[in-house]
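Enquirer: sequence first, then the predicted structure, then my questions.
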Amino acid sequence: MENVQCSAKLFPHIICPACGMSISVTDDSEWYCVKCGRKYPVIDGIPSLVSEVHNERCQSRYDKEAASGEYSAQAVGYLSGKNQRTIQALAYSMAGPLQDDSRILDVGCGHGAFSSNWAKTNRVVGVDISLPMLELAKRIGIEPYHADATSLPFSDGQFDLAVGIGVIEYITDPSLLLSELSRVIRPDGKIIISWPNAASVARIVNRTAIRPIFGTGPSRQDLPILRSWKCVYETCRELGLAVETIGLTFFPFTVTRLRSALGFLDYVMASNFVVKLRRGHDVTLEANHGFQGCSRRIV
């Protein structure tokens, strides 16, 4: 597949992440905001629309991972290739059939492998904080934008599907990500997000027994924030996002489950939640068995 070049004709409604006004595309080397005058460079064909970096440690980590030039699952934070394929298959299934030329936004796209199949017949825009990762994504058909997930450089209602796989655990306030995803989808658009389950028995054993004894896993400062189902569910409800379907994965197994509501065993056995959201206040799922506390950092 030929490299995708960013095009103002494809998505003309690009906005300044600092003030929300229109961006003027003057040439191939620099864009600027018509209101605040902030300038944004275009680096190797990738617009850099970052007004402020909120997670330099995360950016540095994935810049280094991209240096190998490999499209491995571990390079973008998955435990294994099998883990990536399991979550990918579940998310694709939950998204359902898409019309050709659907507009898809992949936030935290990394090297783009997750959305590469969608990119074969649809317009996929990838957003990531790592420029080297976006270079890899561009090679496989993703239209790259260097931007922050909590301050997207797109005006309202442009996408049919917005995806944030394994992103929310790197953001201090999940409402910032979810509100942005809600803003940029069309009124009938869909959102799919995933995150590791804070209450998973396997994760609890890992962080309280296996890691302290054997010293496995990434260094403490690179570890993400684990969140419970209750935390993300209540954030969605506050933002008027309806939970339509819940997908569950059970690492290291490839088995997955779809739920319209969760039972107690789901809360403690699922390694990851994959959730399909739509705009709307008719949220009928109950956050019963709620675990106290919104989030915790892995220790």
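Expert: Yep, it's here.

Enquirer: the stretch 1-150 of the chain: helices as residue ranges?
Expert: Secondary structure of the stretch 1-150 of the chain (DSSP state H, counting those that start in this stretch): helices located at 56-66, 81-95, 131-139.

Enquirer: can you tell me which of those is nearest to Ser179?
Expert: helix 56-66 (19.9 Å; C-beta to C-beta). (C-beta placed from N, C-alpha, C; glycine too.)

Enquirer: helices and strands around that closest one, which ones?
Expert: Helix 56-66 sits against helix 131-139, with contacts defined as 3 or more C-beta pairs under 8 Å, 6 or more residues apart in numbering; DSSP states H and E.

Enquirer: export the helix it packs on as PDB, just CAs?
Expert: Extracted in PDB, the C-alpha atoms of helix 131-139 (Å, rounded to 0.1, in the frame of the first residue of the first chain):
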ATOM      1  CA  LEU A 131       6.200  10.900  16.000                       C
ATOM      2  CA  PRO A 132       8.400   7.800  15.200                       C
ATOM      3  CA  MET A 133       5.400   5.600  15.800                       C
ATOM      4  CA  LEU A 134       3.400   7.700  13.300                       C
ATOM      5  CA  GLU A 135       6.100   7.300  10.700                       C
ATOM      6  CA  LEU A 136       5.500   3.500  10.900                       C
ATOM      7  CA  ALA A 137       1.700   4.000  10.800                       C
ATOM      8  CA  LYS A 138       2.000   6.100   7.700                       C
ATOM      9  CA  ARG A 139       3.800   3.300   5.800                       C
END
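
Enquirer: helices or strands up against it?
Expert: Using 3+ C-beta pairs under 8 Å, 6+ apart, the elements in contact with helix 131-139 are strand 46-47, helix 56-66, strand 123-128, strand 143-146.

Enquirer: and the contacts of it?
Expert: 3-4, 43-46, 48, 62-63, 65-67, 69, 71, 76, 109-112, 126, 128, 142, 144-146 (C-beta atoms under 8 Å, 6 or more residues apart in numbering).

Enquirer: and if we set it to 7 Å?
Expert: With contact meaning C-beta atoms under 7 Å, 6 or more residues apart in numbering, helix 131-139 is reached by 3-4, 43-44, 46, 62-63, 66-67, 69, 71, 109-112, 126, 128, 144, 146.

Enquirer: what's the answer for stretch 117-124, then?
Expert: In contact with stretch 117-124 (C-beta under 7 Å, 6+ apart) are residues 10, 98, 100-104, 106, 115, 140-143.

Enquirer: tell me the buried residues in stretch 154-162?
Expert: Phe154, Ser155, Gln158, Phe159, Asp160, Leu161, Ala162 (16 or more other C-beta atoms under 10 Å).

Enquirer: return the distance of the nearest residue to Pro41 once chain neighbours are set aside relative to Ile192.
Expert: Sequence neighbours aside, Ser48 is the residue nearest to Pro41 in space, at 5.2 Å (criterion: C-beta to C-beta, 6 or more residues apart in numbering). Using C-beta to C-beta, to the nearest Å, we find Ser48 at a distance of 26 Å from Ile192.

Enquirer: who has more neighbours out of those two?
Expert: Neighbours per residue (other C-beta atoms under 10 Å) separate Ser48 from Ile192, with Ile192 holding more: 22 against 17.

Enquirer: what does the helix or strand hosting the more buried one contact?
Expert: Element membership of Ile192 [criterion: DSSP states H and E] is strand 185-196. With contact meaning C-beta under 7 Å, 6+ apart, strand 185-196 is reached by 87, 91, 94-95, 157, 159-166, 168-169, 181-182, 203, 226-227, 232, 271-279.
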